[in-house]
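> coords please:
(chains A, B, C and D)
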Protein chains: 2
Amino acid sequence: MAGHVNSMHDQAAQQLRDLIFGGDLTPGAFVDETRLCEQLAISRTPLREALKVLTAEGLIRHEPRRGCFVNQVTEQDLDEIFPVIALLEGRCAFEATQQASDADIATLKELHHQLEVSAAQGLIPQYYAANYAIHEAIIAMAGNKWLAQVIGDLRKILKLARLQQLNAPGRLSQSLEEHMAIFAALKARDAEGADAAMRIHLTRQREALRLLARQSKSRISAANTEHDKHGVST
Amino acid sequence: MAGHVNSMHDQAAQQLRDLIFGGDLTPGAFVDETRLCEQLAISRTPLREALKVLTAEGLIRHEPRRGCFVNQVTEQDLDEIFPVIALLEGRCAFEATQQASDADIATLKELHHQLEVSAAQGLIPQYYAANYAIHEAIIAMAGNKWLAQVIGDLRKILKLARLQQLNAPGRLSQSLEEHMAIFAALKARDAEGADAAMRIHLTRQREALRLLARQSKSRISAANTEHDKHGVST
DNA sequence: GTTCGTCTGATTGCTTGTAATTACCCATAA
DNA sequence: TTATGGGTAATTACAAGCAATCAGACGAAC
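Residues are numbered from 1 along each chain as shown, chains lettered A, B, ... in the order given. Okay, here's the model as predicted:
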């Protein structure tokens, strides 16, 4: 995405992203420079440069003279980000519908086949992989570099949020339906329809996550009261 | 916008932006690290950290082992960015219409008054200032941090493009009309109308710039042929 | 005359060291 | 017992130095 990956600070930035998205650096965690230096086997300067980049990307928060912390994504952030992504990816679907070649449609068809198979067999990681590939393909087909970049920036934040929550059960079949609707509109060269279907898809995605967050929250508070009974917490 | 401005690399980043937007570092220009070091009276380490930040912002391009260059914005970039901004600021107008208080409306009214006065007297810098303030106000009124950030990122690139081109004559009155239409819809609490009016405003803005670019281009090529006659160029 | 190879100058990128600021801990006093 | 003050330890932020790489220029060979 961002050109050559030669210099050490570029490598360090990518490794840091991997550490964050891999769950080794959890949201809210303190980023220890010296520890990471020996872990990545580099000096502090390139690491600090990489930290600046990730700060600009919004993955890391930097407090002067305090250090760096992995950013946490709140429910309000999600409420704000999802409508924007819906708008932007909707626009991608619109443009993609108008600019897609027959080969592009064929590629999408294959990806949707994988999506169906994964959903039918309940292979969640595989479903997410196909889902991701479809979104990426549609974004690429829109042929707008800046649109893609802005979406990428926001998606990075969403990716951060995914770490804090689990997967919704039964969301798969609903998600699949929405994707097939997007693809149907795209194949029929209905740009407005593809736009609308994409926006619906992402809005529903947010709703599913919100529901999940409530469940998780109540589960946690239930666990806390349970602890309180035994006089463990606080 | 981005928290405290204590550390030197933060200051350096801001000073770099000022240098770029002030025209001291023109698009395409090579960024000489050592020269800037003595100019800003700092060492290379914080300067390089600042350069990484501006690279992430898209203001600067970084070629490995070559150095940094101020990014140039092409006509295609503008063609890609403006529709996205139109979409996003349209959304802001929509949200702002629904969430604005009476005090917000009053503030906007005052700003639009300044806009009218500036246009009537042909005070271009003052008009741009009021124009900028109105856009910022509407974006703020939408109350969506991430929406504002994404728009800010793209507007920085546009600001870069403004350096490469002049102002359109006679655009002022047209721009004013469009702004009054946005404000009218906003005041009437017509969210859809405000959205549409904002999108129209930014689309027209792009058209005005495109026209200007064509004129500028033909003017340059005319100048070149003039030079050719005298056997100066190439 | 053109092209390829080498050399040199300059610039980037990384390592290391030093200073300053902050947080934490403990002691002392109220 | 609690709060406040000072001291210490750790960590960040900046500066300077050194090594690696690239561009440009000059010279030689075809």
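
> Three-state assignment for the residue most central in space within chain A, please.
In chain A, the C-alpha closest to the average C-alpha coordinate belongs to residue A:159, at a distance of 3.0 Å (C-alpha atoms, centre = their mean). Judged by DSSP: H, G, I helix; E, B strand; the rest coil, the three-state class of residue A:159 is helix.

> From DNA strand C, how far out is it?
In this view, residue A:159 and DNA strand C are 26 Å apart by C-beta to the nearest atom of the strand, to the nearest Å. For glycine as for every other residue, the C-beta is placed from the backbone atoms N, C-alpha and C.

> can you check residue A:195 too?
Per C-beta to the nearest atom of the strand, residue A:195 is found 41 Å from DNA strand C.

> likewise residue A:43?
Taken as C-beta to the nearest atom of the strand, the span from residue A:43 to DNA strand C is 3 Å.

> List the contacts of that residue.
residue A:37 (C-beta atoms under 8 Å, 6 or more residues apart in numbering or on different chains).

> Show me the shaky parts of chain A.
A:1-5, A:165-167, A:217, A:219-234 (pLDDT under 70).

> In what element of secondary structure is the closest residue to chain B within it found?
Nearest residue of chain A to chain B, counting by C-beta to the nearest C-beta: residue A:56, 3.6 Å away. According to DSSP states H and E, residue A:56 maps onto helix A:44-57.

> ok so, going back, what's the spacing between the residue lying closest to the residue nearest to the centre of chain A once chain neighbours are set aside and DNA strand C?
In this structure, residue A:159 finds its nearest non-sequential neighbour in residue A:21, 5.9 Å apart by C-beta to C-beta, 6 or more residues apart in numbering or on different chains. Distance of residue A:21 to DNA strand C, given as C-beta to the nearest atom of the strand: 22 Å.

> got the contact list for residue A:21?
Residue A:21 neighbours (C-beta under 8 Å, 6+ apart): A:159-160, A:163.

> Contact partners for the residue lying closest to residue A:81 once chain neighbours are set aside?
Closest residue to residue A:81 apart from its sequence neighbours, by C-beta to C-beta, 6+ apart: residue B:146 at 5.0 Å. Contacts for residue B:146 (C-beta under 8 Å, 6+ apart) come out as A:77, A:80-81, A:84, A:154, A:157.

> so which of the residues you listed comes closest to DNA strand C?
Nearest to DNA strand C among those is residue A:77, at 24.7 Å by C-beta to the nearest atom of the strand.

> Counting by contacts, list what the helix or strand containing the closest one packs against.
Here residue A:77 is covered by helix A:75-99, with elements defined by DSSP H and E. For helix A:75-99, the packing partners by 3 or more C-beta pairs under 8 Å, 6 or more residues apart in numbering or on different chains; DSSP states H and E come out as helix A:124-142, helix A:145-162, helix A:171-187, helix A:191-229, helix B:75-99, helix B:145-162.

> Could you pick out the residues of chain A near chain B for me?
A:4, A:6-7, A:9, A:45, A:48-49, A:52-53, A:55-58, A:62, A:64-65, A:77, A:80-81, A:83-84, A:87-88, A:91, A:144-147, A:149-150, A:153-154, A:157 (C-beta under 8 Å from any C-beta of the partner chain).

> Run through these and flag the ones next to DNA strand C.
A:7, A:9, A:45, A:49, A:65 (C-beta under 7 Å from any atom of the strand).

> Name the member of those residues that has the highest neighbour count.
residue A:49 (22 neighbours; other C-beta atoms under 10 Å in any protein chain shown).

> wait, that one sits on residue B:50?
No - using C-beta atoms under 8 Å, residue A:49 is not in contact with residue B:50; the gap is 10.2 Å.

> Now find how far off-centre stretch A:36-55 is within its chain.
Relative to its chain's centre, stretch A:36-55 lies at 24 Å (C-alpha atoms, centre = their mean, to the nearest Å).

> mind listing what residue A:111 touches?
With C-beta under 8 Å, 6+ apart, residue A:111 has these contacts: A:130, A:133-134, A:137.

> same question, residue A:164
A:27, A:72-73.

> what does residue A:101 give?
Residue A:101 neighbours (C-beta under 8 Å, 6+ apart): none.

> mind listing what's buried in the helix holding residue A:77?
A:77-78, A:80-97 (16 or more other C-beta atoms under 10 Å in any protein chain shown).

> before we move on, what about stretch A:133-145?
Buried residues in stretch A:133-145 (16+ other C-beta under 10 Å): A:133-135, A:137-139, A:141-142, A:144.

> Kindly report the same for stretch A:45-58.
A:46-58.

> and the residues you listed near DNA strand D, which?
Answer for the buried residues of stretch A:45-58 near DNA strand D (C-beta under 7 Å from any atom of the strand): residue A:48.

> For the buried residues of stretch A:45-58, give me JSON lines that also has distance to residue A:184.
As requested, the buried residues of stretch A:45-58 are arranged in JSON lines below (distance: C-beta to C-beta, whole Å):
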{"residue": "A:46", "distance to residue A:184": "48"}
{"residue": "A:47", "distance to residue A:184": "48"}
{"residue": "A:48", "distance to residue A:184": "49"}
{"residue": "A:49", "distance to residue A:184": "47"}
{"residue": "A:50", "distance to residue A:184": "43"}
{"residue": "A:51", "distance to residue A:184": "45"}
{"residue": "A:52", "distance to residue A:184": "45"}
{"residue": "A:53", "distance to residue A:184": "40"}
{"residue": "A:54", "distance to residue A:184": "39"}
{"residue": "A:55", "distance to residue A:184": "42"}
{"residue": "A:56", "distance to residue A:184": "39"}
{"residue": "A:57", "distance to residue A:184": "35"}
{"residue": "A:58", "distance to residue A:184": "35"}
